[in-house]
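>>> Whatever this is, show me its structure:
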Amino acid sequence: MRSKHILWLYLFLAATLADLTFLLEQNESMRVYSKPLILAGLGLYFYFISKPIASTLLAKTILAALIFSWLGDVLLLWPQLFIYGLGAFLMAHLCYIVGFRLAQQPEGRLDSMHFVRSFLYNSPIYLLAALILYFIYPTLGGLKIPVIAYILVIVGMVTTARDRFKKTSSASFWQVFVGALLFLVSDGILAMARFYKDFPEAGILIMGTYAAAQLLLVMGIRSYLVGPK
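Predicted coordinates:
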C-alpha cells in the first residue's frame, strides 16, 4: 500500500504548503490553483491504495467523503457559494460516518451501542459544538437551519470516530479520532471567523487544522486496512 502511491501524498503536502503560503501573502487569486489540489492529492492517494477493496462499501464511502470534501473546498473559494460548500461538506461527513462504522471490528450495529455510556464519553464534544453555536447563533440569519443541521452532522462524525475505541487497532482509532476532532476545530474556527468575529490568523488555522484532519482520517482508514503490525 505504499510504493509509488506516496507521490500523491507529496502533491497533497506541496499543495497544502502552497495554500498556506498564499494565505500568509493574502494572495486569494492563487488559491484557486492550490486549494483544489490539496484534496485531489489525498483523494488520489486513497483511491490507489484502496484499489484491492474498491468494490467494498468502506472504500466507496471514504472516497465519496474525499470527493465531497474536494467539491466543498472548491465551492468555498467563492463566499457567495458558501451554502453549497456547506452542503458538500455535510455530505462528506455523512459518508465518513458510514465509513467509520464499517471500519471497526465487528462492524457497528445500532443494537449493540450503549447509548448512555456513549453520551457521557462524548459529552465534551457536545459541549464544544454547543459553545460554538452559542456564539454564532445571533448572526446566522437565514442560515440558522442549514448551519445547525451541519453542526449536528459533524458532531455525529466526531462521536462516531470516538465510538471506535477498542473496536479497531490503536493506530487506526487515534488517527481517525484526532482527525475528526481537528475537523471540528477547523470548522469551529471558520464559523467563529465568519459569523462571530474574524481575526488575521483565521485562514491559516482553518486550513492547517483542516489539512491535518483529512490526512489523519485517510491514514487512520489505511491503518485499519493494513491491520495491526
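
>>> C-alpha from now on. contacts and neighbour counts both.
Will do.

>>> my guess is F177 contacts A161, does it?
Yes: counting by Cα atoms under 8 Å, F177 does reach A161; the two are 5.1 Å apart.

>>> who does the helix or strand bottoming out on mean pLDDT in the chain touch, helix- and strand-wise?
Least confident helix or strand, the chain: helix 115-136 with a mean of 90, by mean pLDDT, DSSP states H and E. Applying 3 or more Cα pairs under 8 Å, 6 or more residues apart in numbering; DSSP states H and E, we find helix 115-136 packed against helix 144-162, helix 170-195.

>>> any idea of the mean pLDDT in the last one?
If I follow you right, that is helix 170-195. The average pLDDT for helix 170-195 rounds to 97.

>>> following it, which helix or strand comes up?
Later in the chain than helix 170-195, the nearest helix or strand by DSSP states H and E is helix 202-226.

>>> And that next one, how far out from the chain middle?
The chain centre lies 7 Å from the centre of helix 202-226; the measure is Cα atoms, centre = their mean, to the nearest Å.

>>> Kindly report the same for stretch 119-137.
17 Å.

>>> now do stretch 197-215
With Cα atoms, centre = their mean, you get 12 Å for stretch 197-215.

>>> Can you point out the buried residues in it?
Across stretch 197-215, burial judged by 16 or more other Cα atoms under 10 Å covers 202-204, 206-215.

>>> Name the surrounding residues that touch that stretch.
With Cα atoms under 8 Å, 6 or more residues apart in numbering as the test, stretch 197-215 has contacts from 16, 20, 23-24, 38, 42, 178-183, 185-187, 189-190, 192-193.

>>> Now do the helix or strand harbouring L86 against helix 144-162, angle only.
Per DSSP H and E: L86 is located in helix 82-102. Between the axes of helix 82-102 and helix 144-162, defined by axes from the mean of the first three to the mean of the last three Cα atoms, to 10 degrees, the angle is 20 degrees.

>>> So which elements touch helix 82-102?
helix 57-75, helix 144-162.

>>> As CSV, those with distance to S34 would be great.
Putting the helices and strands packed on helix 82-102 into CSV (distance: least, Cα to Cα, whole Å) gives the following:
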stretch, distance to S34
helix 57-75, 10
helix 144-162, 25
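
>>> Understood, closing this out.
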